[in-house]
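Q: no FASTA, just this:
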């Protein structure tokens, strides 16, 4: 659901700048990551699978592909005014993709958005594996001052394998 986080934060073309794994070795939850604007995301179970939770000063909003709810409920019931910032709307990615093909435009959830969302998942897994804080440059898509973590971003191609020790 990191794509919904990216979408809500208007970061579809960027991403977090730091990842901090939990102190427990082998943990698969508890990682946190921070965006350059100061927003921190915590990867943890909070009662719903495949959903995200935005916690703010005035309440909580919970989002998945099948629900939108808040505490207090008035948060999601409130009408957004024309003067307020909105995220783009899409209730049918499949139709949007077909429409984009026909009109030769980008779909709302284009390939770069998918790439950026998948990148967060991969970096989170690397942080869990290495058990160390990582600084990330979303522009160059490289870890800062961590060549070992950068090596984990890809695998060698078939022609690059060294089979002499096998």
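A: Received the coordinates, thanks. Values in this document were obtained by computation on a predicted structure and should not be read as measured data.
Q: For stretch 24-35, buried residues please.
A: For stretch 24-35, burial by neighbour count (16 or more other CB atoms under 10 Å) applies to 31-33, 35. In short, each C-beta sits where N, CA and C put it, glycine included.
Q: Out of those, which comes closest to residue 128?
A: The closest of the buried residues of stretch 24-35 to residue 128 turns out to be residue 31 (CB to CB; 6.1 Å).
Q: strands paired with the strand or helix carrying residue 136, and their directions?
A: Using DSSP states H and E, residue 136 falls within strand 134-137. Using DSSP bridges, strand 134-137 pairs in its sheet with strand 18-20 (antiparallel), strand 142-143 (antiparallel).
Q: can I get these in a markdown table with mean neighbour count and mean pLDDT?
A: Shown next, in a markdown table, are those (neighbours: other CB atoms under 10 Å; pLDDT from 0 to 100):
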| stretch | mean neighbour count | mean pLDDT |
| --- | --- | --- |
| strand 18-20 | 19 | 97 |
| strand 142-143 | 18 | 97 |
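Q: Show the backbone phi and psi for residue 56.
A: With angles defined as degrees, to the nearest 10, residue 56 sits at phi -130, psi -180.
Q: make that residue 76, sorry
A: Backbone torsions of residue 76, given as degrees, to the nearest 10, read phi -80, psi -10.
Q: which helix in this protein runs the most residues?
A: helix 111-130 (DSSP state H).
Q: contacting residues around the strand holding residue 136?
A: The contact list for strand 134-137 (CB atoms under 8 Å, 6 or more residues apart in numbering) reads 15-19, 123, 126-127, 142-146, 149.
Q: and with 10 Å instead?
A: Strand 134-137 is contacted by residues 15-21, 33-34, 119-120, 123-124, 126-127, 142-146, 149-150 when judged by CB atoms under 10 Å, 6 or more residues apart in numbering.
Q: gap between it and the chain center?
A: Computed by CA atoms, centre = their mean, to the nearest Å, the chain-centroid distance of strand 134-137 equals 14 Å.
Q: how close does the residue nearest the centre of the chain sit to residue 68?
A: Centroid-nearest residue in the chain, with CA atoms, centre = their mean: residue 2, separated by 3.1 Å. Distance of residue 2 to residue 68, computed by CB to CB, to the nearest Å: 17 Å.
Q: Residue 152 now?
A: Distance from residue 152 to residue 68, by CB to CB: 36 Å.
Q: Identify each buried residue in stretch 69-85, please.
A: 70, 75.
Q: got the end-to-end distance for it?
A: Start and end residues of stretch 69-85 are separated by 19 Å (CA to CA, to the nearest Å).
Q: Appreciated, that's everything.
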